[in-house]
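Enquirer: The following comprises the amino acid sequence and a computationally predicted model.
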Amino acid sequence: MKALRKLLYPFSILYGLITFVRNKCYDSGIFKSYDFDIPIISVGNLSVGGTGKTPHIEYLIRMLQTSKKIAVLSRGYQRKTSGFLIAKDGLNAFELGDEPFQYFSKFKDVIVAVDEKRVRGIQQLLKLTSPPDVILLDDAFQHRSVKPGLSIVLTPYDDLFVDDHMLPMGNLREYKSGSKRADIIIVTKCPNYLDSIECQNIKNKIKPTVNQELFYSKITYQYNLQGFDNSININELHRYEVLLITGIANPKPLLNFLTQVNAKCTHLAFSDHHNFTSSDIISIKNTFSNLTSEKKIILTTEKDYVRIFASLEKCYFIAIETRIINNENIFIQKIKDYVG
């Protein structure tokens, strides 16, 4: 692995130079960043892979939806459509993208839109007969054509951006110094308890500026596994043999959780945003049929469920939420003060 990293190092230097020049062009005004007369919150990260953007967007929706009309604007990664599109009944994950479809399915009072050009997407949202009060930008930290009023950067507890390297040697999309553009940094996927010493150690590594605030969050798993027409309580999961199907960047937290609840698991891992083919479904069915227990289920993530449940029997998903585990009241107040 070290030898491979050494081989990739020159390409990381080149990629880093390209992103550095691009950021300098935005900083100097050579490339234009657009302001909008509406509260815009960007949620993103410096690295590729799973930092927890989706549950944090949902956290913000839950926080604000009772008092504000919210729009979520996403690129719609790997969707089969292009241009500006507003989610509506009849559209699916292939047309909207996994995360936008999930937002639309869960929050019917929220405007969910996709556009690979964020400026155009915001302009279209503001032209609506009933425009939103606040816009949440999903995975937009590197989309510098839009200047958000509040920028949140996420970094996983077990893979902090300060310990990473530029692509392709590592997973960083831009240099670590780019984090200084954020107003808030959240260390995500933390263990249930962090003592003050560990929090301080992480803070010393990240070195937030005097204008930045640092928070910590954790994943919480819902107690009921949801199927098409029934559910299974998580406390009953140990009675089943589980075939776990994941198409996410980092399934490790889910695997750890299933171990904690004594689930007997066989894991089939696919790449992030994987498009499940007919041969994949056949492979899943064959693996499932080979499980020896009388009581057995297929378990997947909420994002993957919408792609595969129609093709599989006994398929369930486990929903997740995120929680701020330090100074949550301060975090909530900061968001509410910004949106007004």
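Expert: Cool, got the structure. Residues are numbered from 1 along each chain as shown.
Enquirer: so how far is stretch 302-314 off the chain centroid?
Expert: For stretch 302-314, the separation from the chain centroid amounts to 19 Å (computed by C-alpha atoms, centre = their mean, to the nearest Å).
Enquirer: wait, what's in contact with the residue most central in space within the chain?
Expert: When C-alpha atoms, centre = their mean is applied to the chain, the residue found nearest the centroid is Lys53 (2.6 Å). Residues in contact with Lys53 (C-beta atoms under 8 Å, 6 or more residues apart in numbering) are Val43, Gly44, Asn45, Glu99, Asp138, Asp139, Leu154. Glycine gets a C-beta too; all of them are placed from N, C-alpha and C.
Enquirer: Out of those, flag the one nearest to Tyr338.
Expert: Val43 (13.2 Å; C-beta to C-beta).
Enquirer: Quick one: neighbours of Phe270, just the number.
Expert: Other residues within reach of Phe270, judged by other C-beta atoms under 10 Å, total 17.
Enquirer: what's the closest residue to it other than its chain neighbours in contact with, if anything?
Expert: Of all residues not flanking Phe270 in the chain, Gly247 sits nearest, at 4.2 Å (C-beta to C-beta, 6 or more residues apart in numbering). If you count contacts by C-beta under 8 Å, 6+ apart, Gly247 has them with Phe270, Ser271, Asp272, His273, His274, Phe276, Thr300, Thr301, Lys303, Asp304, Arg307.
Enquirer: Kindly report the same for Ile320.
Expert: Ile320 neighbours (C-beta under 8 Å, 6+ apart): Pro55, Ile219, Thr220, Tyr221, Gln222, Glu302.
Enquirer: Return the distance of it relative to Thr188.
Expert: From Ile320 across to Thr188, the span is 11 Å (C-beta to C-beta, to the nearest Å).
Enquirer: Need the residues touching each of those two.
Expert: Listed contacts common to Ile320 and Thr188 are Ile219; contacts here mean C-beta under 8 Å, 6+ apart.
Enquirer: Look up the closest residue to Ile41, ignoring the ones flanking it.
Expert: Once flanking residues are discounted, Ile41 sits nearest to Leu150: 4.7 Å by C-beta to C-beta, 6+ apart.
Enquirer: give me every residue that touches that neighbour.
Expert: So Leu150 contacts Pro39, Ile40, Ile41, Ser42, Asp183, Ile184, Ile335, Tyr338 (C-beta under 8 Å, 6+ apart).
Enquirer: Can you add neighbour count and give these back as CSV?
Expert: Shown next, in CSV, are the contacts of Leu150 (neighbours: other C-beta atoms under 10 Å):
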residue, neighbour count
Pro39, 19
Ile40, 25
Ile41, 23
Ser42, 27
Asp183, 18
Ile184, 19
Ile335, 19
Tyr338, 14
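Enquirer: Closest one of those residues to Lys32?
Expert: Ile40 (15.9 Å).
Enquirer: Looks like that closest one contacts Ser151 (just checking).
Expert: No: using C-beta atoms under 8 Å as the test, Ile40 is too far from Ser151 to be in contact (9.2 Å).
Enquirer: what secondary structure does Leu244 sit in?
Expert: Three-state assignment for Leu244 (DSSP: H, G, I helix; E, B strand; the rest coil): strand.
Enquirer: Excluding covalently adjacent residues, which one is nearest to it?
Expert: His267 (4.6 Å).
Enquirer: Burial check on the one you found, number of neighbours?
Expert: Applying other C-beta under 10 Å, we find 14 residues neighbouring His267.
Enquirer: Assumed it was part of a helix.
Expert: No: under three-state DSSP, His267 falls outside any helix and is assigned strand.
Enquirer: what pLDDT does it get?
Expert: pLDDT recorded at His267 is 97.
Enquirer: and the gap between it and Asn171?
Expert: 22 Å.
Enquirer: how does this protein divide up, domain by domain?
Expert: Annotated domains of the chain cover 35-220+323-339, 224-318 [automatic domain parsing].
Enquirer: Endpoints of the shortest one, how far apart?
Expert: The first and last residues of domain 224-318 sit 7 Å apart, counting by C-alpha to C-alpha, to the nearest Å.
Enquirer: which stretch of helix or strand covers the residue nearest to Ala182 when sequence neighbours are not counted?
Expert: The shortest distance from Ala182 to any residue other than its chain neighbours is 3.9 Å, reached at Val153 (C-beta to C-beta, 6+ apart). For Val153, the enclosing helix or strand under DSSP states H and E is strand 150-156.
Enquirer: how many neighbours does Tyr316 have?
Expert: Tyr316, neighbours per other C-beta under 10 Å, totals 22.
Enquirer: what secondary structure does it sit in?
Expert: Look at Tyr316: counting by three-state DSSP, its state is strand.
Enquirer: Quick check: the residue nearest to it when sequence neighbours are not counted vs Lys189, distance?
Expert: What sits nearest to Tyr316 in space, not counting adjacent residues and going by C-beta to C-beta, 6+ apart, is Leu225, at 4.1 Å. Remark: distance between Leu225 and Lys189 (C-beta to C-beta) = 21 Å.
Enquirer: Helices of the stretch 101-250 of the chain, start to end?
Expert: 118-126, 196-206 (DSSP state H, counting those that start in this stretch).
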